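1. Take this sequence and fold it.
(one chain, ligands or ions: 2)
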Amino acid sequence: MPWKEYFERFLQKDRLATGRLINILESDEDRGLKRELMKACAAQKRDAYVVGITGVPGAGKSTLIDGLGCWLLDQGYTLGVICVDPSSPFRGGAILGDRVRFRNLNRRPGAFIRSMATRGHLGGLGTATRDVIQLLEAGGFDVIIVETVGTGQTEVEIVSAADTVILVTVPGLGDQMQVVKAGIMEIGDIFVVNQSDRPGAEETASRLKNELVMFGDRDGWTPVVIPTVATKGEGIPFLGEAVIRRKEFLVQRGQKQELHKRRKIESWSRLLEERFAESLGKFLQTNAVGKEVRRKVESGEIDIYEASERVWEDVLRDCCNQ
Ligand SMILES: Nc1nc2c(ncn2[C@@H]2O[C@H](COP(=O)(O)OP(=O)(O)OP(=O)(O)O)[C@@H](O)[C@H]2O)c(=O)[nH]1
Ligand SMILES: [Mg+2]
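-> Ligands and ions are numbered 1, 2, ... in the order given. Just a heads-up that it's a prediction; the model follows:
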């Protein structure tokens, strides 16, 4: 079936067609096709509310999404969920099926769930993830939730890809809480202390609140701390309300549109960077200067700074016109 027919079905929220189109975005086989598809997406001129959810492995992010997603559907929102699985050797690649992870959400119409491996972009979001966000946005999903494991890089990247970031932590991460230690307090708009059925939950929540007071408001938004027990659904309505309150806040302040623009620019510059890096890599392997510099680096004749300078002077400067 030609992709345009899939696209028509996708606009009707056909899951199979949506999955097929995501396959196109994930594959590197046909760039032209991908480009046509992204163009068709942009033409829809839709703007979804993108919520990133991140935090330490096993904190309960997926279980929270299961509950939050159902809550959002109950409020009449349609929902797309993207789970970014870093295909890192540390995690062994033992990925649970979406059916297990999103037990309740999986059975509900109005929700589309998709897992993605980040492959080359270890720890990062990757262009494909950004493309899929844009695709689901074009498909008219009201809310798009993106789950990423907090491995450092993704946490920072999710900020540029999302309107709202939920940072999930759990009690008992030690004296100095992991989130604080990693210096990532600034990225969360909503803080969740999940597994609050475990000892130390209150202490964790109050410590977080104290930390947040020190950081103060960001652009007029006061971050909130919400204790939850995702497995029992406890705290989910509070979380849902905070997520929607944040959306209304962004819309009222005109920040929603700004974030949408920023997302587009960010995706564009990432795309450029990737294309550039790829082309440069190929060029350096075949170009005489590139080959020579490479040989000298390998043999230790020149250091990498000098090598970079050589490539810049001889190859790149003219094309960058500086
Ligand atoms: N006791 C308790 N267990 C929970 C709670 N929420 C989730 N869990 C359990 O914690 C485990 C991990 O939950 P997930 O939702 O898969 O966590 P995650 O953060 O998505 O995990 P990764 O995606 O692998 O990083 C599962 O066995 C859940 O049943 C909670 O509130 N309390
Ligand atoms: Mg998960």
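
2. Excluding covalently adjacent residues, which one is nearest to I187?
-> On the basis of Cβ to Cβ, 6 or more residues apart in numbering, the spatially nearest residue to I187 that is not a chain neighbour turns out to be V159, at 5.0 Å. (Each C-beta comes from the backbone N, C-alpha and C, glycine too.)

3. Which helix or strand contains the one you found?
-> Here V159 sits within helix 153-161, counting by DSSP states H and E.

4. For stretch 97-116, which outside residues touch it?
-> With Cβ atoms under 8 Å, 6 or more residues apart in numbering as the contact definition, stretch 97-116 has outside contacts at 13, 15, 18-19, 22, 26, 62-63, 65-67, 69-70, 73, 78-85, 95, 126, 128-129, 132, 136, 139, 141.

5. residues from the stretch 151-300 of the chain in reach of ligand 1?
-> Proximity of the stretch 151-300 of the chain to ligand 1 is assessed by Cβ under 6 Å from any ligand atom, with 194-195, 197-198, 229-231 identified as the residues in range.

6. Look up the pLDDT of the spatially most central residue of the chain for me, please.
-> With the centre of the chain defined as its mean C-alpha position, the nearest residue by Cα atoms, centre = their mean is I158, 4.3 Å away. Note on I158: pLDDT of 82.

7. Mind checking what secondary structure the residue nearest to T231 when sequence neighbours are not counted has?
-> When the adjacent residues along the chain are set aside, T231 lies closest to T63, with 5.9 Å between them (Cβ to Cβ, 6+ apart). Taken by DSSP: H, G, I helix; E, B strand; the rest coil, the conformation at T63 corresponds to helix.

8. So T63 versus ligand 2, what's the distance?
-> Distance check for T63 against ligand 2: by Cβ to the ion, to the nearest Å, it reads 8 Å.

9. contacting residues around that residue?
-> By Cβ under 8 Å, 6+ apart, the residues touching T63 are 101, 194, 230-231.

10. Burial check on the residue of the stretch 51-200 of the chain found nearest ligand 2, number of neighbours?
-> The stretch 51-200 of the chain approaches ligand 2 most closely through S62 (3.4 Å), counting by Cβ to the ion. Around S62 sit 22 other residues, with neighbours defined as other Cβ atoms under 10 Å.

11. pretty sure it contacts I82?
-> No. Taking Cβ atoms under 8 Å as the contact criterion, S62 and I82 are not neighbours in contact, 11.9 Å apart.

12. which residues are common contacts for the two?
-> Both S62 and I82 are in contact with E147, where contact means Cβ under 8 Å, 6+ apart.

13. So which of the contacts of stretch 97-116 are in strands?
-> Among these, the residues falling in strands (DSSP state E) are 79-85.

14. Pipe the residues you listed into a markdown table and attach neighbour count and distance to ligand 2 per row.
-> Supplementary listing: the ones in strands among the contacts of stretch 97-116 in a markdown table, determined by neighbours: other Cβ atoms under 10 Å; distance: Cβ to the ion, whole Å:
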| residue | neighbour count | distance to ligand 2 |
| --- | --- | --- |
| L79 | 25 | 16 |
| G80 | 27 | 16 |
| V81 | 28 | 10 |
| I82 | 25 | 12 |
| C83 | 24 | 6 |
| V84 | 28 | 9 |
| D85 | 17 | 8 |
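
15. Check which residues of whichever helix in the chain runs longest are buried.
-> In terms of residue count, the longest helix belonging to the chain (DSSP state H) is helix 255-286. The neighbour-count check on helix 255-286 (16 or more other Cβ atoms under 10 Å) flags 255-256, 259-260, 263, 266-267, 270 as buried.

16. Please apply the same query to stretch 97-114.
-> Of the residues in stretch 97-114, those scored as buried under the neighbour-count criterion (16+ other Cβ under 10 Å) are 98, 101-102, 105-106, 110-114.

17. Wondering if that stretch reaches ligand 2 at all.
-> No. Applying Cβ under 5 Å from the ion, one finds stretch 97-114 out of contact with ligand 2, separated by at least 5.9 Å.
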